[in-house]
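[1] Provided below are the primary sequence and the corresponding predicted coordinates.
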Amino acid sequence: MILFYKKNSKESEEVIEILKDFENVKYVDVEQNKSLAEEYSVKVFPTLIVSTDDDISEENIFVGLKEIENFLEVEEEDF
C-alpha cells in the first residue's frame, strides 16, 4: 500500500494514525515527492493505493478519509 499525504492536513493525519499498525504501508509526503504523485496521477490527499504489482486500477485507489476508512473496514471483515 502507498499512502500519499500532505503534512498539516487533518484528514492525512487521521489516515496515518489509522494505518500505523499496518506493516506494508509506504508513506509519501507529496510536498517532498511531487514526481511520484504525478507518476501515479494522484491529485487529492490523502490517497491510498493498494496493489500487489505494478498494475493499478481504479478499484485499488481510495481517495479521502471516508473511502480509506470504508476500504479498511471491508478488509478487516475479510480476515
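    Okay, I see it.

[2] how about the helices in the protein?
    Along the chain, the stretches classed as helices by DSSP state H are 10-19, 34-39, 64-78.

[3] okay, those in JSON lines with mean neighbour count next?
    The C-beta positions use only the backbone N, C-alpha and C, and glycine is treated the same way. Formatted as JSON lines, the helices of the chain follow (neighbours: other C-beta atoms under 10 Å):
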{"stretch": "helix 10-19", "mean neighbour count": "16"}
{"stretch": "helix 34-39", "mean neighbour count": "12"}
{"stretch": "helix 64-78", "mean neighbour count": "12"}
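
[4] got those helices as a markdown table, with mean pLDDT columns?
    Output for those, formatted as a markdown table (pLDDT from 0 to 100):
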| stretch | mean pLDDT |
| --- | --- |
| helix 10-19 | 97 |
| helix 34-39 | 94 |
| helix 64-78 | 86 |
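
[5] Pro46 is nearest to which of those?
    Using C-beta to C-beta as the measure, helix 10-19 is the one of these that comes nearest Pro46, at 4.5 Å.

[6] got a list of contacts for that closest one?
    With contact meaning C-beta atoms under 8 Å, 6 or more residues apart in numbering, helix 10-19 is reached by 1, 3, 5-6, 25, 27, 45-46, 48, 64-65, 68-69, 72.
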